[in-house]
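Asks: Quick check, what structure comes out for this input:
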Amino acid sequence: MLLVVGLLGAGPRIGYAQRQYNAWYFGTASALQFLPGRYWPQVVPNSVMDSFESCTSLADSTTGALLLYSNGERVWDRTHQPMPNSFPLGGNASASEGALALFAPGQPNLVYLFTTDAKESSAKNSLRYSVVDLRLRNGFGDVSQRNQPLPLPGNTLATEHLAAIRQPNGRDYWILVHGLNNNSFYAYALTPTGVAAQPVVSAVGPVFSGLGIAETGEFRFSPSGQQVVTTRLLGGLDVFDFDPLAGRVSNAVNLFTHPAVPAGYFPGRVFGAEFSADGTLLYADERGSLVRYDLLAGSPAAVLRSKRLLAPEASFRGLTGSYRRGPNGRIYIAVLGATALPVIDSCNSVNAAYVRVAAQTLAGTVLPVGRQPGSQYCLPNIPGRSASRGGSTGSIEEGFVVVTTPGCAGQPTQLAVQLRDPGRQGIQQVQWTIGNAASPTLLSGQRVAPVFSRSGTQPVYVVVIFNDGTRQAQRLQLQVPPLATVQLQASTRQLACGEASVALTAVGSTTGRYTWADDSTSLPQRVVSQAGTYRVRFLSQGGCLATDSITISPLAPGTCLVPNIITPNGDQLNQRFVLAGYPLKYWSLTVYNRWGRAVYTNPLYANEWDAEGQPAGVYYYLLQHPQTGTKLRGWVEVMR
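Replies: Now for the predicted structure:
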């Protein structure tokens, strides 16, 4: 289990760039509008929806102006009128995450509205979707496709859990649900072509069993999209790794398992959970109390030990429901029957986070006598965003960057932390965990130089504590290349008689770039014609450097001699046509008499010709090198 996202930020960062989820409509006649530059949202007294748990709303991505909202049973337009063709959607207002609105990928005039059913209806409608066309009814929109079943494999029913996350391409989504009475997550891809018929199935973690125990709860994605937390009403709290590229869930870590409770003992449940805006902390409901886990504590056991009680159950004056992080980075908590929301402030701080009870009022909408606005258990269902295309609600700004100077296997790799956000007033401490979890190397300091004995992927986890007390972490996967080698080879180590050049070949241990000392070429092969020492530099594709050199020796004066006279008279002196200094069986020899007729031919001459059978006189020779094409011509006199 990673227990930390790929990038964990610190400090409040208010992100309003994508404003389609800045208009919150939820609960009973409750609505908040988040506005740029304002830390507190504005109460909007115009909602006509009444929902116990299920709610979602969607706004214009540029202006933040409301477009529609839903409780999973019907849809209201921006003028708060029900869309004529919106009932029944197939969802249930009592499903904990029973509705979710998303713009269709690549089609801003279409909205997908996903719904799940509730335990009160035995979850019989399971997962469904409808499509809203915003162009209908003169731009007020209406449902063009309604109540379309999206069957889970094996006719499995879906629990009330429903979440979505933007894929790293910045366009498509994963729609995530869970099966009832099994341990399987189902991730459906939503692309410009529609909803995938077959989901990515991940069987991991506890079984979501029993309508009263596991049917109700929430999914929340971390800001990076690499984790998802799940709650089960009378089941527990678990954190999983999530792969936003593949849609797979893995590596379950249980943080809390609800003890056995008497039937009907409702207050002792686990409902809401949410990550801090920087992803370093996890806030959760445990038996009605608010607790916090430090995800930077290290191992799963250390994260469990980091649990801290922030607010007991009694402080909320009612049963708590959904937790939701707003565009301002604060975390809001739904409370049944309350007319104001508790707010977690400074939620990125491990020491300074605190709860404002009843901080965000919902008063404003005029209702019949005896009724008042309230969240019930409901806060709007909002998708997450994977880190490849920016942060999620409460966007993250990197406070530091890790600069790496690659080292090869067996050589130091330079790692350094550099501050990117001056607002954090400098770096106080840097802690590194390098290598596998079984036997990690622990280092500290802004600059470290670990040595990896083996090539391949090496995990690095770094936690930075800033001078302002905030923290940020990054998890890196370093690719350590193998040690590079290069060998310089030559066709001969010494200039040979009659050969004008020597072929040099550099052989690297892998693909890479070659540089010769005289910058003559970047190719691994070259031909030289002079004696001397030749050097090559090899830079592997992984960035590893190796060098080699080779020396070509010159010929001593008088080494290469072709005779111009032979005396084959039987005295064993100067009997043959001997090429002094020339390698044997490299040259072809043809000898001609004075009339131009070939009297001797040998393709691999080895100093054998003694003019046998030929009279004394002058002869002409032609020596040819078959590889270089070099030709040597001359004459030789035969004296007997």
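Asks: care to break the protein down by domain?
Replies: What automatic domain parsing lists as the domains of the chain is 18-385, 400-479, 486-552, 565-638.
Asks: Show me the shaky parts of the protein.
Replies: 1-17, 211-214, 258-268, 366-370, 386-398, 421-424, 437, 500 (pLDDT under 70).
Asks: Looking at it, which helix is longest?
Replies: Secondary structure of the chain per DSSP state H: the longest helix is helix 300-305.
Asks: So which elements touch whatever helix or strand comes next after that helix?
Replies: Downstream of helix 300-305, the first helix or strand assigned by DSSP states H and E is strand 308-311. Applying 3 or more Cβ pairs under 8 Å, 6 or more residues apart in numbering; DSSP states H and E, one finds that strand 308-311 contacts strand 289-294, strand 354-361. C-beta: built from backbone N, CA, C; applies to glycine.
Asks: which of the domains of the chain sits most buried?
Replies: domain 18-385 (a mean of 20; mean count of other Cβ atoms under 10 Å).
Asks: which one of the domains of the chain lies closest to residue 558?
Replies: When those are compared by Cβ to Cβ, domain 565-638 sits nearest residue 558, at 8.5 Å.
Asks: Show me how far that closest one is from its chain's centre.
Replies: 73 Å (Cα atoms, centre = their mean, to the nearest Å).
Asks: Could you tell me the end-to-end distance of that domain?
Replies: In domain 565-638, first residue to last residue: 6 Å (Cα to Cα, to the nearest Å).
Asks: now stretch 132-140
Replies: The first and final residues of stretch 132-140 sit 10 Å from each other (Cα to Cα).
Asks: residue boundaries of the strands in the stretch 351-500 of the chain?
Replies: For the stretch 351-500 of the chain, the strands defined by DSSP state E, counting those that start in this stretch occupy 354-361, 384-385, 400-405, 414-419, 427-434, 441-444, 447-448, 456-466, 471-480, 486-490.
Asks: will you turn those into a markdown table that also has distance to residue 237?
Replies: Formatted as a markdown table, those follow (distance: least, Cβ to Cβ, whole Å):
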| stretch | distance to residue 237 |
| --- | --- |
| strand 354-361 | 18 |
| strand 384-385 | 18 |
| strand 400-405 | 30 |
| strand 414-419 | 32 |
| strand 427-434 | 25 |
| strand 441-444 | 29 |
| strand 447-448 | 35 |
| strand 456-466 | 23 |
| strand 471-480 | 21 |
| strand 486-490 | 56 |
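Asks: between those strands, which one is nearest to residue 348?
Replies: Comparing those by Cβ to Cβ, strand 471-480 comes nearest, at 7.9 Å.
Asks: Return the list of helices and strands in contact with the closest one.
Replies: Applying 3+ Cβ pairs under 8 Å, 6+ apart, we find strand 471-480 packed against strand 7-8, strand 400-405, strand 456-466.
Asks: Of all those strands, which one comes closest to residue 47?
Replies: Nearest of these (Cβ to Cβ): strand 7-8, 35.1 Å.
Asks: Same list (the domains of the chain) but as JSON lines, adding distance to residue 559.
Replies: JSON lines is the format used below for the domains of the chain (distance: least, Cβ to Cβ, whole Å):
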{"stretch": "domain 18-385", "distance to residue 559": "67"}
{"stretch": "domain 400-479", "distance to residue 559": "44"}
{"stretch": "domain 486-552", "distance to residue 559": "6"}
{"stretch": "domain 565-638", "distance to residue 559": "4"}
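Asks: follow-up on the earlier one: can you tell which of the strands of the stretch 351-500 of the chain is closest to residue 203?
Replies: Closest among these, once you apply Cβ to Cβ, is strand 384-385, at 22.1 Å.
Asks: Give the pairing partners of the closest one; include direction for each.
Replies: strand 163-166 (parallel) (DSSP bridges).
Asks: Extract the CA atoms of the strand it pairs with and return them as CSV.
Replies: Output of strand 163-166 as CSV, limited to C-alpha atoms (Å, rounded to 0.1, in the frame of the first residue of the first chain):
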residue,chain,number,x,y,z
ALA,A,163,-17.8,7.9,-7.3
ALA,A,164,-16.0,9.1,-10.4
ILE,A,165,-12.6,10.3,-11.2
ARG,A,166,-11.2,12.1,-14.3
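Asks: what's the following helix or strand after that strand?
Replies: strand 173-178.
Asks: who does that following strand touch, helix- and strand-wise?
Replies: Strand 173-178 packs on strand 163-166, strand 184-191, going by 3+ Cβ pairs under 8 Å, 6+ apart.
Asks: Out of the strands of the stretch 351-500 of the chain, flag the one nearest residue 71.
Replies: Comparing the strands of the stretch 351-500 of the chain by Cβ to Cβ, strand 354-361 comes nearest, at 20.6 Å.
Asks: Show residues contacting the closest one.
Replies: 32, 40-41, 43, 290, 310-311, 315-317, 332, 338-346 (Cβ atoms under 8 Å, 6 or more residues apart in numbering).
Asks: Ok, stretch 287-303 next?
Replies: If you take Cβ under 8 Å, 6+ apart as the criterion, stretch 287-303 is touched by 1, 3-4, 8, 253, 255, 258, 267-270, 279-284, 304-313, 316, 319-320, 333, 344, 350, 353, 355, 433, 437, 463, 471, 473.
Asks: what's the closest of the helices and strands packed on strand 471-480 to residue 218?
Replies: Closest among those, using Cβ to Cβ: strand 7-8, at 21.2 Å.
Asks: Pull up the pairing partners for the following helix or strand past the closest one, direction included.
Replies: Later in the chain than strand 7-8, the nearest helix or strand by DSSP H and E is strand 23-26. Partner strands and pairing direction for strand 23-26 (DSSP bridges) are strand 30-33 (antiparallel).
Asks: Pull the contacting residues for residue 186.
Replies: Counted by Cβ under 8 Å, 6+ apart, residue 186 has contacts 127, 152-153, 158, 176-179, 199-201.
Asks: quick one: stretch 107-127 to chain centroid distance?
Replies: On Cα atoms, centre = their mean, the centre of stretch 107-127 falls 30 Å from that of its chain.
Asks: Dump the helices and strands packed on strand 173-178 to CSV, plus distance to residue 215.
Replies: Listed next are the helices and strands packed on strand 173-178 as CSV, based on distance: least, Cβ to Cβ, whole Å:
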stretch, distance to residue 215
strand 163-166, 15
strand 184-191, 15
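Asks: residue contacts, residue 593?
Replies: Counted by Cβ under 8 Å, 6+ apart, residue 593 has contacts 599, 614, 617, 619-620.
Asks: Check the gap between residue 587 and residue 581 for me.
Replies: 12 Å (Cβ to Cβ, to the nearest Å).
Asks: Then residue 85?
Replies: 100 Å.
Asks: Likewise for residue 248?
Replies: Counting by Cβ to Cβ - residue 248 and residue 581 are separated by 72 Å.
Asks: Mind checking the helices and strands packed on strand 173-178 for the one nearest to residue 133?
Replies: strand 184-191 (16.4 Å).
Asks: Which is the succeeding secondary structure element to that closest one?
Replies: Heading C-terminal from strand 184-191 (DSSP H and E), you reach strand 194-195.
Asks: same for the following helix or strand past that following strand, what does it pack against?
Replies: Moving toward the C-terminus from strand 194-195, the next helix or strand (DSSP H and E) is strand 200-203. Contacts defined by 3+ Cβ pairs under 8 Å, 6+ apart place strand 200-203 against strand 184-191, strand 248-257.
Asks: For those strands, give me TSV that also has distance to residue 507.
Replies: Listed next are those as TSV, based on distance: least, Cβ to Cβ, whole Å:
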stretch	distance to residue 507
strand 184-191	47
strand 248-257	42
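Asks: List the contacts of residue 400.
Replies: Contacts of residue 400 (Cβ under 8 Å, 6+ apart): 417-421, 427, 464, 472, 474.
Asks: If anything else comes up later, I'll come back, but that's it for now.
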